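In: Let me see the structure of the following:
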Amino acid sequence: MRAELFMVTYGNDYEFAEYTLRSIKKFGFGFAGITIVVPTKDETKFKVLADRYGVNLRSFFEAHGKGFLHHQVVKCEADLWCPRDTDIIVHIDADCVFKEPFSPETFIYEGKIILVREHFEDFKQYRARYSWKHNVEYALGIKVEWETMCRHPSVFYKDMYPRMRARVEERHHYPFTQYVLLQRNEFPQTFAEFPTIGGYAIEFEPQRYQMVNQIITPGPFYDNAYFRPFNINPVPRDQNGHPTVKDEVNITLWENADGTHEVRGLISPVQYFWSRKGVTPEYRQQLEAILA
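Out: The predicted structure is shown next:
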């Protein structure tokens, strides 16, 4: 299967994007190529990187005042931007730099893409992130239990994207782009691309993915009967039901074909940064150490 690395970014993240491309050159292998999509006003700036790293550079006219949402639209249209013979789309963000060797096989298990998910009820205290639950349910017209923006890169089958967009269009009677651009552009936005794509995958095409349940924050899903075979004690809670445990757990449960689960490790080859700060001196030191 041909896997394409896919990045949607813009001028302010140019320096981070170069570090990410350097990390792909150092650690990545086995990919068909790299496609980067930027606003038209930034295309000339990114052409330098495209030529240097052999990137397929494309651009779009960004909707005024709706930049964040329009970038989400482009991510949800990844099948239209990547080469036609692509089978798997590997989404990368400019500020997610690879720190160890990786290939398409890093994100595949027994012929299926690994889809990492976290139970929404386990992080209700994070209001902005928890709000994605309503956003996904409203966009797709389904009930969702799982949030899927848990590990970068997010990886999905290319042929699934048009079906996801069609679902949104059938429900709301708007073209997909128009639906997304009608949402709130300010944080927290009222559309979330990766939780929506992942929510569609879980609801409509789960057999195509290897599900991995990531348990990080103590919450209702952490301490119910589902975990008793693993001898995990219930989390102590206050009178309002909030966990009083300060230390977070980190467990990944892999779902077997027969519905059973087992604890196994999960490769995460990315070092996360926060691009809104820019490449600070502290970040630069870390990045150069990774890429030395």
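
In: Not counting its own residues, what contacts stretch 124-143?
Out: 120, 123, 144, 147, 149, 164, 167-168, 171-172, 179, 183, 187-192, 195-196, 199-200, 203, 217, 219, 242 (CB atoms under 8 Å, 6 or more residues apart in numbering). (Glycine included, C-beta is placed from N, CA and C.)

In: all strands for this protein, in order.
Out: For the chain, applying DSSP state E gives strands covering 3-8, 33-39, 56-60, 88-91, 96-98, 108-109, 112-119, 146-147, 154-157, 209-215, 251-255, 261-263, 270-272.

In: So which elements touch the last one?
Out: Contact analysis of strand 270-272 by 3 or more CB pairs under 8 Å, 6 or more residues apart in numbering; DSSP states H and E lists strand 96-98 as its packing neighbours.

In: Same question for the third one.
Out: Counting contacts by 3+ CB pairs under 8 Å, 6+ apart, strand 56-60 packs against strand 33-39, helix 43-53.

In: now the second one
Out: Using 3+ CB pairs under 8 Å, 6+ apart as the contact criterion, the neighbours of strand 33-39 among helices and strands are strand 3-8, helix 14-27, helix 43-53, strand 56-60.

In: Quick one: closest of these to Leu80.
Out: If you check each of the helices and strands packed on strand 33-39 against Leu80 by CB to CB, strand 56-60 wins as the nearest, at 9.7 Å.

In: Note down every partner strand of that closest one and its orientation.
Out: If you go by DSSP bridges, strand 56-60 pairs up with strand 33-39 (parallel).

In: ok and the strand it pairs with relative to helix 43-53, angle-wise?
Out: Taking axes from the mean of the first three to the mean of the last three CA atoms, to 10 degrees, one finds strand 33-39 and helix 43-53 inclined to each other by 170 degrees.

In: Contacts for strand 33-39 next, please.
Out: 4-11, 17, 21, 24, 45-46, 49-50, 53-62, 67, 74, 81-83.

In: Tell me which of the helices and strands packed on strand 33-39 sits nearest to Glu110.
Out: Within the helices and strands packed on strand 33-39, the stretch nearest Glu110 is strand 3-8; the backing value is 16.3 Å (CB to CB).

In: got the contact list for the closest one?
Out: Contacts with strand 3-8, where a contact means CB under 8 Å, 6+ apart, come from 17, 20, 24, 28, 30-38, 71, 74-75, 78, 81-83, 86-94, 104, 107, 153, 155.

In: Any quick ChimeraX command for the buried ones out of those residues?
Out: In ChimeraX, a selection of the buried entries from these looks like this (16 or more other CB atoms under 10 Å):
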select :17,20,24,28,31,32,34,35,36,37,38,71,74,75,78,81,82,86,88,89,90,91,92,93,94,104,107,153,155
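
In: re the thing from before, and among the helices and strands packed on strand 33-39, the most buried is which?
Out: Comparing the helices and strands packed on strand 33-39 by mean neighbour count (mean count of other CB atoms under 10 Å), strand 3-8 ranks first with a mean of 25.
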